[in-house]
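Novice: Here's a sequence, model it:
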Amino acid sequence: MDDTGSINNDQSIENEEDIDFSEDRELVTNDSCSTKVLDSPEEPVDKYRLVYFLFYLFGVTSLVPWNFLITANDYWMYKFRDVEPHNLTVYVRKTQFQAEFTSYLNVATAIPNLIFLILNSLYGHWVSVRSRLLGSLIIVTLCFVVTTSFVMVDTDDWQGTFFIITMFTVVVMTAASAVFIAGLMGISSKLPQKYMTAVISGQSLGGIIAAVAQIISLAFKISPQHSALIYFCIADFMVIASLISYVFLYKIDFFTFHILRGSGMAANRHREAYLTIIVKKIWVYAFSIFAIFGISMCVYPAVTVLVESHPVTSGTDWNNIFFVPVVNYLIFNCGDYSGRMAAGFLMKPTNQWVLAGASILRIIGVPMLMLCNAQPRKHLPVLFPWDYEYILIMIVFAFTNGYLTNIVMVHSTRVVEMHEREKTSSIIATMLSVGLTAGAAVGMLLVRLL
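Specialist: So this is what the prediction gives:
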């Protein structure tokens, strides 16, 4: 943060005795919130690091829809299989629903996510953060309960209707998740930086949990229906636990202190956070987050999911069953998670231009991954055929993704004033989504270049 911003925030906190806290008291004076902290001269302690772990849980929950819906690919292929008796032969081609489901799923998640992140950036201040977060969690919970309820239902005779219901719930769930993510980033930016790191690391941990669940189901040869039931029940538990935890969060003095007083929020309550002013301060960080995720999505998962194990492992379970789940999902998510954790301790580089340069430099990983053993291919040679080569490239690519993401998220909210942090988080989250969408579009082209 620049010196002027620091002085302004310090003066705001020092002059709190002259400020009318009536609006802040009205905001939190109800049965679920702690108000005594407003009169406390000392900063409360995060006992047992409870708030920290709750923000970790919120981070995991924020990407639950994406992680668990994608992981249940075998379940979707089962639901939309060809059920006509005359087609029950040894080799059955994919139905239209099976062939197009993943593409529709990507569209049903990418577009609502981007739209609602933009809407939240522009109009989110019209609704309180608490209402947005609680409302979005309730909607996600209801949608996942509906999705779970269909797992053991026979939908063979009405696959078209089931497809429409599924896409509708995914769109609604994604829109609600976008609002939740933006709000979560906003409130975490008003706490010490390790709490935003907890959210960012939690998002990556969710991917690890989903990948491990998939590998376990494959190892024990669990049926697609039962494995999906396990995935979705885990997701239901996480979302419901987050919903209850968020209500409980307002009873914790440490959280209330930082949101309402310790952060200087009361002093800045009537100050407008102008979008143009914020963009001037953070545009380099916004570009960096766009570059990070745009570059990652160019090849992950569109290209990386096509990479096969070296031919010497042909016929083994490693090649036929475990290679893609372990390397493409588990190792990538572990590398990404490790990067986010490491950044929480180091937080370097601090210079925004160096950070932008490092983000762009990751583009080296794109051709390297395309030159791994991705099949089928017509144009490019395979320069890295061995599994260990692909795994090393994937680890570096994933680690830098997580490491730079954490640094951008934290630093971007530290170069603005306190009352601008929530809108800053929304802008960064929106640019992240734009990067994902642009990268996914480029990824479709890169697959044709293999």
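Novice: quick one: the closest residue to Tyr329 other than its chain neighbours from Asp387, how far?
Specialist: Distances taken as C-beta to C-beta, 6 or more residues apart in numbering put Ala211 closest to Tyr329, at 4.0 Å, once the chain neighbours are dropped. The C-beta positions use only the backbone N, C-alpha and C, and glycine is treated the same way. Distance, Ala211 to Asp387, by C-beta to C-beta, to the nearest Å: 17 Å.
Novice: Can you show me the strands along this structure?
Specialist: Along the chain, no stretch is classed among the strands by DSSP state E.
Novice: Can you give me the domain boundaries for it?
Specialist: 47-251, 275-450 (automatic domain parsing).
Novice: I'd like those domains as TSV, with mean neighbour count, mean pLDDT and distance to His258 appended.
Specialist: As requested, the domains of the chain are exported to TSV (neighbours: other C-beta atoms under 10 Å; pLDDT from 0 to 100; distance: least, C-beta to C-beta, whole Å):
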stretch	mean neighbour count	mean pLDDT	distance to His258
domain 47-251	19	87	5
domain 275-450	19	89	10
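Novice: Could you pull up the residues touching the residue nearest to Tyr329?
Specialist: Ala211 makes contact with 71, 325, 329-330, 333 under the criterion C-beta atoms under 8 Å, 6 or more residues apart in numbering.
Novice: Same question for Tyr195.
Specialist: 51-52, 55, 188 are the contacts of Tyr195 under C-beta under 8 Å, 6+ apart.
Novice: What is the nearest of these to Thr147?
Specialist: Within the contacts of Tyr195, the smallest distance to Thr147 is 25.6 Å, found for Phe55 (C-beta to C-beta).
Novice: Excluding covalently adjacent residues, which one is nearest to the closest one?
Specialist: Per C-beta to C-beta, 6+ apart, closest to Phe55 is Ala198, 4.3 Å.
Novice: And Ala302, by the same measure?
Specialist: Gly443 (3.5 Å).
Novice: So that neighbour sits against Val299, correct?
Specialist: Yes - here Gly443 lies in contact with Val299, judged by C-beta atoms under 8 Å, at a distance of 6.4 Å.
Novice: circling back to that earlier point, from Val324, how far off is the residue nearest to Tyr329?
Specialist: 11 Å.
Novice: go on, Leu133?
Specialist: 35 Å.
Novice: ok, now Phe220?
Specialist: Phe220 is 18 Å from Val324, by C-beta to C-beta.
Novice: Tabulate the contacts of Ala211 in a markdown table, adding columns for distance to Gly357.
Specialist: Formatted as a markdown table, those follow (distance: C-beta to C-beta, whole Å):
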| residue | distance to Gly357 |
| --- | --- |
| Thr71 | 35 |
| Pro325 | 34 |
| Tyr329 | 29 |
| Leu330 | 30 |
| Asn333 | 26 |
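Novice: quick one: contacts for the closest residue to Phe68 other than its chain neighbours?
Specialist: With sequence-adjacent residues excluded and distances taken as C-beta to C-beta, 6+ apart, Phe68 is closest to Ala235, at 4.5 Å. Contacts for Ala235 (C-beta under 8 Å, 6+ apart) come out as 64-65, 68, 144, 148.
Novice: Looking at those, which is nearest Val170?
Specialist: Pro65 (7.3 Å).
Novice: ok, now which ones touch the residue lying closest to that closest one once chain neighbours are set aside?
Specialist: Nearest-residue entry for Pro65: Met173, 4.8 Å, with adjacent residues in sequence omitted and distances by C-beta to C-beta, 6+ apart. Met173 makes contacts with 65, 139-140, 143-144, as judged by C-beta under 8 Å, 6+ apart.
Novice: same deal with Val83?
Specialist: Val83 is in contact with 156, 159, counting by C-beta under 8 Å, 6+ apart.
Novice: let's see 10 Å
Specialist: Shown in contact with Val83 (C-beta atoms under 10 Å, 6 or more residues apart in numbering): 95, 154-157, 159.
Novice: Can you tell me how far the residue nearest to Ala302 is from Thr304?
Specialist: 10 Å.
Novice: For those two, list the residues in contact with both.
Specialist: In contact with both Gly443 and Thr304: Ser296, using C-beta under 10 Å, 6+ apart.
Novice: pretty sure Ile360 contacts Thr400?
Specialist: No - using C-beta atoms under 10 Å, Ile360 makes no contact with Thr400, being 11.5 Å away.
Novice: what is in contact with these two at once?
Specialist: With C-beta under 10 Å, 6+ apart as the test, Ile360 and Thr400 both reach 292, 295.
Novice: can you pull out the helices in the stretch 51-200 of the chain?
Specialist: In the stretch 51-200 of the chain, the helices defined using DSSP state H, counting those that start in this stretch lie at 64-71, 73-79, 96-123, 129-149, 159-188, 193-219.
Novice: Report the contact partners of the nearest residue to Leu383 once chain neighbours are set aside.
Specialist: Nearest residue to Leu383, sequence neighbours excluded (C-beta to C-beta, 6+ apart): Leu371, at 4.2 Å. Neighbouring residues of Leu371 by C-beta under 10 Å, 6+ apart: 377, 380-385, 389-390, 393, 450.
Novice: again with Tyr329
Specialist: Taking C-beta under 10 Å, 6+ apart, one finds 67, 70-71, 207-208, 210-212, 214-215, 300-301, 304-305 in contact with Tyr329.
Novice: can you list residues touching both of Ala211 and Val324?
Specialist: With C-beta under 10 Å, 6+ apart as the test, Ala211 and Val324 both reach Leu330.
Novice: So Asp193 is in contact with Arg421, correct?
Specialist: Rather than Asp, residue 193 is Gln. No - applying C-beta under 10 Å as the test, Gln193 and Arg421 come out as separate, 11.4 Å apart.
Novice: Can you pull the residues that touch both of these two?
Specialist: 413-414.
Novice: Adding distance to Glu42, write the helices of the stretch 51-200 of the chain out as CSV.
Specialist: Shown next, in CSV, are the helices of the stretch 51-200 of the chain (distance: least, C-beta to C-beta, whole Å):
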stretch, distance to Glu42
helix 64-71, 37
helix 73-79, 52
helix 96-123, 34
helix 129-149, 25
helix 159-188, 22
helix 193-219, 19
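Novice: can you tell which of those helices is closest to Phe255?
Specialist: Nearest of these (C-beta to C-beta): helix 159-188, 8.5 Å.
Novice: Now do the closest one and helix 193-219, the angle between them.
Specialist: 150 degrees (axes from the mean of the first three to the mean of the last three C-alpha atoms, to 10 degrees).
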